[in-house]
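Visitor: generate coordinates for the sequence data below:
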Amino acid sequence: MQLRLGLTFITLSVLAITGCSTLGHKLAVNNGSLDYKKATTLEPLKYPEGDQVRPATPLYPAPTIDPLALQHAPDFENQKGNRFAMPRPGEIVANRTSAKQGLYVRPTVLFDAQQNPLLKVSGKPDTIWQYTLGALNHLNYQVTDQSRSKYQATIQGNDGTYIIKLSAVGKDSTIVLFNPDNSFADQTKAKALLDQISQNWPA
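Guide: Residues are numbered from 1 along each chain as shown. Below you'll find the predicted structure:
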């Protein structure tokens with residue numbers, strides 16, 4: 001009797017562990033482990049004029065990474081793309097550039113009902129947002145402020161200051177340019193910048 005109960009308990013334990021593992025993989029919740037991809041560059045600390053301070057040298061200076069290098073970097077993430085996933089011992093994680101090229105094709109410039117230009121592209125919003133920021137950096141636009149809760153950033157270039165926003169619905173994302181007061185940016189200037197982003201798209 002005890003042997004039978006022991007075997008039943010072991011069987012149930014194995015099934016529970018396997019089931020939880022499989023269910024956890026399918027229902028993986030975003031735990032913030034990929035938030036490092038949204039990191040922004042901050043300006044060096046500025047002191048009031050006339051103050052005498054010791055020179056500050058960063059202990060861990062952040063390296064400058066070419067946005068195109070993202071194409072050749074391996075993706076350490078789960079299948080849903082919302083959590084960091086460590087590869088198994090001996091597993092070689094190749095870059096997924098060829099697979100992504102079918103998903104992150106060059107954005108297309110479209111127009112809404114009021115003829116305001118927008119970029120449309122399919123894929124994971126996190127990756128699209130990183131590609132967008134990479135293209136802006138290549139175009140010498142500086143990100144002066146970035147939202148931590150949504151895909152929105154204030155950018156500054158030679159032609160002025162804008163707010164760029166990404167909205168995702170399913171697999172499709174749209175990128176729109178606004179003025180600092182949240183009105184739509186000038187259509188001619190917005191189309192010119194969105195065209196440049198499309199032309200400098202890493203994928």
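
Visitor: name the nearest residue to Phe178, sequence neighbours excluded.
Guide: Closest residue to Phe178 apart from its sequence neighbours, by C-beta to C-beta, 6 or more residues apart in numbering: Ile163 at 4.4 Å. C-beta coordinates here come from the backbone N, C-alpha and C atoms, glycine included.

Visitor: what residues are bridge-paired with the one you found?
Guide: Applying DSSP bridges to Ile163 gives these bridge partners: Thr154, Phe178.

Visitor: in terms of helices and strands, where is Ser167?
Guide: Secondary structure assignment for Ser167, by DSSP states H and E: strand 160-169.

Visitor: mind listing what's buried along that strand?
Guide: Tyr162, Ile163, Ile164, Lys165, Leu166, Ala168 (16 or more other C-beta atoms under 10 Å).

Visitor: show the contacting residues for the nearest residue to the fourth one once chain neighbours are set aside.
Guide: So that's Lys165. Excluding its sequence neighbours, the residue lying closest to Lys165 (C-beta to C-beta, 6+ apart) is Gln152, at 4.8 Å. Gln152 sits next to Gln146, Ile163, Ile164, Lys165, Leu166 when contact means C-beta atoms under 8 Å, 6 or more residues apart in numbering.

Visitor: what are the structural domain limits within the protein?
Guide: As given by automatic domain parsing, the domain ranges for the chain are 2-30, 67-199.

Visitor: hang on, the earlier thing: redo the contacts of Gln152 as TSV? Include distance to Thr174.
Guide: Shown next, in TSV, are the contacts of Gln152 (distance: C-beta to C-beta, whole Å):
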residue	distance to Thr174
Gln146	18
Ile163	14
Ile164	11
Lys165	9
Leu166	7
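
Visitor: now do the strands in this structure.
Guide: Assigned strands in the chain, in chain order: 108-111, 117-122, 142-146, 152-157, 160-169, 172-178 (criterion: DSSP state E).

Visitor: looking at those strands, which is nearest to Asn31?
Guide: Among the strands of the chain, the nearest to Asn31 by C-beta to C-beta is strand 160-169 (19.6 Å).

Visitor: what does the closest one contact?
Guide: With contact meaning C-beta under 8 Å, 6+ apart, strand 160-169 is reached by 125, 128-129, 132, 136, 144, 150-156, 173-180, 182, 185, 189-190, 193.

Visitor: now these: which count as buried?
Guide: Taking 16+ other C-beta under 10 Å as the criterion, what is buried in the contacts of strand 160-169 is 125, 128-129, 132, 136, 151-155, 173-178, 185, 189-190, 193.

Visitor: contacting residues for the closest residue to Leu193 other than its chain neighbours?
Guide: Spatially, and ignoring its direct neighbours in sequence, Leu193 is nearest to Leu177 (6.2 Å; C-beta to C-beta, 6+ apart). By C-beta under 8 Å, 6+ apart, Leu177 lies in contact with Pro117, Tyr162, Ile163, Ile164, Phe184, Ala185, Lys189, Ala190, Leu193, Leu194.
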